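Asks: Predicted structure and sequence below. I'll ask about it afterward.
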Amino acid sequence: MEQVLKILAINPGSTSTKIAVFSNEELIFEKTLRHSSQEVGKYEKISDQFEFRKKVIEEALDEGEIKLSDLSAIVGRGGLLRPIEGGTYIVNESMLEDLRVGVLGEHASNLGGIIAKEMGDGVNIPSYIVDPVVVDELIDVARISGIPELDRKSIFHALNQKATARRAAKELNKEYDECNFIVAHMGGGISVGAHEKGKVIDVANALDGEGPLSPERSGGLPVGDLVKMCFSDKYTQEDIKKRIKGNGGLVAYLNTNDVREVEARISNGDENAKLIHEAMVYQVCKEIGSCAAVLKGRVDAVLLTGGIAYSKLITDMISERIGFVADVKVYPGEDEMIALVQGGLRVLREQEEAKVYLGEVEYI
Ligand SMILES: Nc1ncnc2c1ncn2[C@@H]1O[C@H](COP(=O)(O)OP(=O)(O)OP(=O)(O)O)[C@@H](O)[C@H]1O
Ligand SMILES: CCCC(=O)O
């Protein structure tokens, strides 16, 4: 008989903490805990929110009559760590230190590992993170930018991209590491990755001014003009950063991060909304085209995922432009909670060994 393994998954976002408990692959409890800007805004750093978030998680678990002592492991969404390859990592002291200081920056997902470790240690069960946003499997040639001072970085929706790729591989009756996919995760940020035999060998840095424009991110910009903007004395460093992530893309052009709202405006004849919407799709297609070149045209399928993949208008426009590359498969939304749990299960079932974070890579 199959052993029953119960896992708690913790996924902290900027305005919410999602938690879920699975018994093997079956969801038995789920809750999205929303945090108002007053609640989280009073903390200077994201790591200062630790006690607050842990407490609300504990209260929700109590209400759901979930006992930590019944669990086999806790899995948290990993954060902005030093670059690592994909997989499930045991939360260790080096990782905790980097998550606490925010070695690569502040990100709500930094709390995932910290909270998982604290709660797991309390009942002597292991804590893990799975496929954090800094998964780095770039081939050497993809790291070169154009000046030696600046290496290209791999920051993307690794958890959902890899989960989607594993799902598509299964549907093709293949293992993930036997397939080549191009995965476009289209959410508030958009990342497009070239997956070669289970490794994301190239991907635009979705957080920091590469790739397509997205609801909240600028994507790649004309660099000369950006430099002029930086030195114009009109903007602070924070203003420019915010323009690249947070207030860029659709927010900058159309003052909304909601693609549904943009499509409603298009239906009402708004030509500017139509142009910007089309530009976003066009840029996604260009990025898919570059990934096809990275994979030398050997592509099993193009996978479209994230909230924007619910838009048939957009998935049809993408298919029409890049359908020549490979079959296009659509997986709307994201399956991050089950993806976290599956990462934990692969280790507990000894299908994979938990990786160890060394925290040694120097990163600028
Ligand atoms: N049915 C739909 N049609 C069109 N767009 C949609 C639909 N449902 C959601 N979206 C859009 O998807 C986007 C949000 O996607 P998602 O929820 O994946 O993002 P997120 O989780 O906030 O950010 P990220 O995925 O970058 O972490 C929004 O622009 C939203 O308007
Ligand atoms: C997942 C990191 C990229 C982004 O938030 O846009």
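Replies: Arrived safely, thanks for sending. Numbers count the residues shown, from 1 in each chain. Ligands and ions are numbered 1, 2, ... in the order given.
Asks: What residues does the stretch 151-300 of the chain have near ligand 1?
Replies: Applying C-beta under 6 Å from any ligand atom, we find that the stretch 151-300 of the chain lies next to ligand 1 at 157, 187-189, 215, 257-260. In short, each C-beta sits where N, CA and C put it, glycine included.
Asks: do that again at 5 Å, thanks
Replies: Taking C-beta under 5 Å from any ligand atom, the part of the stretch 151-300 of the chain that reaches ligand 1 is made up of 187-189, 215, 258-260.
Asks: Need the worst-confidence member of these.
Replies: Lowest pLDDT among these: residue 188, with 86.
Asks: you'd agree it is up against residue 215?
Replies: Yes. Under the criterion of C-beta atoms under 8 Å, residue 188 makes contact with residue 215 at 5.2 Å.
Asks: Can you check which residues contact both of the two?
Replies: Listed as contacting both residue 188 and residue 215 by C-beta atoms under 8 Å, 6 or more residues apart in numbering are residue 257.
Asks: middle-most residue in this structure, spatially?
Replies: residue 157 (2.4 Å; C-alpha atoms, centre = their mean).
Asks: still on that earlier bit, just checking: which of the residues of the stretch 151-300 of the chain next to ligand 1 also lie near ligand 2?
Replies: When contact is defined as C-beta under 5 Å from any ligand atom, these meet ligand 2 at residue 189.
Asks: The residues of the stretch 151-300 of the chain next to ligand 1: which two are farthest apart?
Replies: 189 and 260 (17.2 Å; C-beta to C-beta).
Asks: quick one: which of those two has more around it?
Replies: Comparing residue 189 with residue 260 by other C-beta atoms under 10 Å, the one with more neighbours is residue 189, at 23 against 12.
Asks: Just give the nearest non-adjacent residue to that one, would you?
Replies: Counting by C-beta to C-beta, 6 or more residues apart in numbering, the nearest residue to residue 189 once its immediate chain neighbours are dropped is residue 206, at 4.5 Å.
Asks: Would you agree the one you found falls within a strand?
Replies: No. Using DSSP: H, G, I helix; E, B strand; the rest coil, the assignment for residue 206 is coil, not a strand.
Asks: Can I get the longest helix belonging to the chain in CSV, CA atoms only?
Replies: The longest helix of the chain (DSSP state H) is helix 271-294. This file holds the C-alpha atoms of helix 271-294, laid out as CSV (Å, rounded to 0.1, in the frame of the first residue of the first chain):
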residue,chain,number,x,y,z
GLU,A,271,-7.0,51.8,-30.4
ASN,A,272,-4.2,52.6,-27.9
ALA,A,273,-5.1,49.7,-25.7
LYS,A,274,-5.1,47.5,-28.9
LEU,A,275,-1.7,48.7,-29.9
ILE,A,276,0.0,48.1,-26.5
HIS,A,277,-1.8,44.7,-26.1
GLU,A,278,-0.5,43.7,-29.5
ALA,A,279,3.0,44.9,-28.7
MET,A,280,3.1,42.7,-25.6
VAL,A,281,2.0,39.6,-27.6
TYR,A,282,4.5,40.6,-30.4
GLN,A,283,7.4,40.8,-27.9
VAL,A,284,6.4,37.4,-26.4
CYS,A,285,6.5,35.9,-29.8
LYS,A,286,9.9,37.4,-30.6
GLU,A,287,11.2,35.9,-27.3
ILE,A,288,9.8,32.5,-28.3
GLY,A,289,11.5,32.8,-31.6
SER,A,290,14.9,33.5,-29.9
CYS,A,291,14.4,30.4,-27.7
ALA,A,292,13.7,28.4,-30.9
ALA,A,293,17.1,29.5,-32.1
VAL,A,294,18.7,28.6,-28.8
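Asks: What residues of it count as buried?
Replies: By 16 or more other C-beta atoms under 10 Å, the buried positions in helix 271-294 come out as 273, 276-277, 279-281, 283-289, 291-292, 294.
Asks: what does stretch 2-10 give?
Replies: Buried residues in stretch 2-10, counted by 16+ other C-beta under 10 Å: 5-10.
Asks: Among these, name the ones in strands.
Replies: In this view, these that belong to strands under DSSP state E are 6-10.
Asks: Need the max-distance pair from these.
Replies: Greatest spatial distance in those: 6 and 10, 14.0 Å, computed using C-beta to C-beta.
Asks: how does this protein divide into domains?
Replies: Domain ranges of the chain: 6-137+337-356, 158-333, per automatic domain parsing.
Asks: and the residue in the stretch 201-350 of the chain that ligand 2 sits nearest to, what does it touch?
Replies: Nearest to ligand 2 in the stretch 201-350 of the chain, going by C-beta to the nearest ligand atom, is residue 206, at a distance of 3.8 Å. Residue 206 is in contact with 155-157, 185, 189-191, 214, 217, counting by C-beta under 8 Å, 6+ apart.
Asks: So which of those belong to strands?
Replies: 185, 190-191.
Asks: List only buried entries from those residues.
Replies: For those, a burial check counting by 16+ other C-beta under 10 Å picks out 185, 190-191.
Asks: where along this structure do the strands fall?
Replies: Taking DSSP E as the test, the strands found in the chain are 6-12, 16-23, 26-34, 73-77, 88-90, 127-130, 180-186, 190-196, 199-203, 301-306, 328-332, 355-356.
Asks: Kindly present these as TSV, with separate columns for mean pLDDT.
Replies: As requested, those are exported to TSV (pLDDT from 0 to 100):
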stretch	mean pLDDT
strand 6-12	96
strand 16-23	94
strand 26-34	94
strand 73-77	97
strand 88-90	97
strand 127-130	97
strand 180-186	97
strand 190-196	97
strand 199-203	97
strand 301-306	97
strand 328-332	97
strand 355-356	96
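Asks: Nearest to residue 106, out of the ones you listed?
Replies: Going by C-beta to C-beta, the one of the strands of the chain nearest residue 106 is strand 6-12, 12.0 Å.
Asks: what's that closest one packed up against?
Replies: Applying 3 or more C-beta pairs under 8 Å, 6 or more residues apart in numbering; DSSP states H and E, one finds that strand 6-12 contacts strand 16-23, helix 50-63, strand 73-77, helix 110-122, helix 336-348.
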